[in-house]
Each structure stands twice: as C-alpha cells, then as structure tokens.
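Q: Got a sequence here, can you build the structure:
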Amino acid sequence: MPDLLITAVLALIMVSIGLSLRSVDFNHLFFSPKPLLLGLFLQLIALPALAFTVMDFAGLPPAFSIGFLILAACPGGLSSNFISFLLRANTALAVSLTICNSALSMLTVPFLVNLALERFASLTTPAHLPLLPTAARIFLIVLLPVITGMLVRHFLPRAAEAMQRRLRILAMGLLAAVFVMKLTAPPTHGGSALTVDEVGQILPVAIVINVLALALGWAFGSMLRMDTDNQVTLGVEVGIQNTSLAFLIAGSFLASEQALKPALVYAMFTFFTAVGYGLLLKPAMLSRLRKELSDW
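A: Next comes the predicted model:
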C-alpha cells in the first residue's frame, strides 16, 4: 500500500507538470540553450560527483550513503518548479530541466544507483538494479504521466488550465501526507522508523550537500555570466530533488527503508533553504513572495 501511494503521488506530480507546459514558453531556450545545457550538466554530472565525494568523507553507514546517491540521481520535481515560479525566476528553464532530466533518468538513475551499490553496498543490500526493468518502470511512472499532461494541455487547453492549479495543490498535499506517513507511521504501516540518532547522523551531511548544491548554481551561473533569474533557477533545480522518486527507488526498487531515510531528512528543510537562496540573490522578492504564499 505505501509503495502504491508513492507511485500514485509521483504520477500525479508529473501529470501536473505536463499540464503546465506550453511550447511558447520554451522558444527562448531552444534558440539560447546554454542555461538548459548547464543545468543538465550540474544535475547529471556535478551533483552526483559532489554526492560521491561527500559520501567518501562522511563515514555514514552504507545504506545512508546509497540513499544520498539515489537522491542525487533524481531529477527536480514539482517543489523546485514551484519555487522558481514563486521567486519569479526562469520557470520555463526549471520545467525544461525537470522534463529533460526525467526523460534521461530512465538511464541515469539505474547507472548512478548501480555505481553507488558497487561502491557502498554491504552484504545485506542488493548489488544490482536491473537497467531495462528500472527504465521501464520510470517511463511508466514518470514520463508517461508527463506526456499525458502535455496531450491534455494541447487538445483541451481550457480544461488543462482549470485542472493545473488544483492538481498542483492536490499533488503537494499528497506528497506532504506521504512524508508524514514515512516520518511518523510504524514500519508495519509504511513508516521508516527514523530515529533521532539517525537524524543526527544524516542531517549535517544533508545540509552540506544542499548548501554546496545551491552554490553550484550560483557559481557556474556567475562564471558563465548568466542573469540572476537563471542563477536562482539553476541553484534551486540542483538543490532540490524529486524526493517521491527517491522514496520509490529506495523503498520499492531496492526494498531498503534505510536507504530511504536520507531523502526523508533532506526533504525536511530544503524548501526553506532554496527559498532563502533565491531571496539572497533577489532580496526585492521578499514582499512579493509573502503575497504569493498567501494567495496560493
């Protein structure tokens, strides 16, 4: 039942992202692809490399190290897109990165997770994540709902516009419910049995990875002379991952509740650090953000 709920929530999130897509939003990215290519580099190469490096020094139990690398392999999701929208950053770039990275995740997730298993797996954890079955499941749960949302938007634009806001609220509400269930429910009812001592182990490492991930967006964006909106979006997309997909991979694909715990702890604070990062780069957004949150 918990895995079925996570699958349904993840699919709903991806449908809501598909409903938000309009071709006109992406014309500029097509003719000026540098921000998109940089974002893909940061998400697909720089972030996993950062996670592997931190894990080598962190001294965490193998399952926690694997959990962090699963998280680093996941694309951004609804939360990261929503933050770019709230901060009036480059929302088209945020959604484009989510879609491109979600498509590539059919190959990148099993590849990176298998690297993590080879490097950190103990005798009690699986040693291999099969490529084709994993890719097929990611396609059905992640990409097919996006395509469905895009088709609804294309053929029924008014219905898609009406559904989009409500579906986004529903998806984020259900994701919060999954988070609370994993955090508080007993293991027999889908909980993770996360302890205070485990939070103490995971949280400092999670903060280090998150701060460095956000800084990657600012550093590379500044180095390549991108504007503030692109720097905000790049940092947010690298700093926030699709935790529902991480829950599914760790809990269902690998059947390891221990590997799920880093994503659970990471999700506790990253919305706030990402918003703080955006406000640091765009301090004038603070008053507007208060209004957006109250309206939403």
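
Q: Residue 110 against residue 130, yeah?
A: Yes. Judged on Cβ atoms under 8 Å, residue 110 makes contact with residue 130 at a distance of 7.3 Å. All C-beta atoms are positioned from the backbone trio N, CA, C, and that covers glycine.

Q: of these two, who's got more company?
A: residue 110 (23 against 13; other Cβ atoms under 10 Å).

Q: Apart from its chain neighbours, what residue comes closest to that one?
A: residue 134 (4.3 Å; Cβ to Cβ, 6 or more residues apart in numbering).

Q: what sits against that neighbour?
A: Contact analysis of residue 134 by Cβ atoms under 8 Å, 6 or more residues apart in numbering lists 106, 109-110, 253.

Q: one more time with 7 Å, if that's ok
A: Residues near residue 134 by Cβ atoms under 7 Å, 6 or more residues apart in numbering: 109-110, 253.

Q: What is the subsequent helix or strand relative to the helix ranked longest in the chain?
A: Criterion DSSP state H: the longest helix present in the chain is helix 91-120. Note on helix 91-120: by DSSP states H and E, the next helix or strand toward the C-terminus is helix 131-138.

Q: List the buried residues in that following helix.
A: For helix 131-138, a neighbour-count test (16 or more other Cβ atoms under 10 Å) marks 134-135, 137-138 as buried.

Q: Is it possible to get TSV of those residues that adds pLDDT and distance to residue 86?
A: Shown next, in TSV, are the buried residues of helix 131-138 (pLDDT from 0 to 100; distance: Cβ to Cβ, whole Å):
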residue	pLDDT	distance to residue 86
134	79	33
135	81	33
137	81	31
138	82	28
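
Q: ok, the residues you listed vs residue 101, which is closest?
A: Nearest to residue 101 out of these is residue 138 (Cβ to Cβ; 11.4 Å).

Q: just checking, that closest one touches residue 109?
A: Yes. Residue 138 is in contact with residue 109 according to Cβ atoms under 7 Å; the separation is 6.3 Å.
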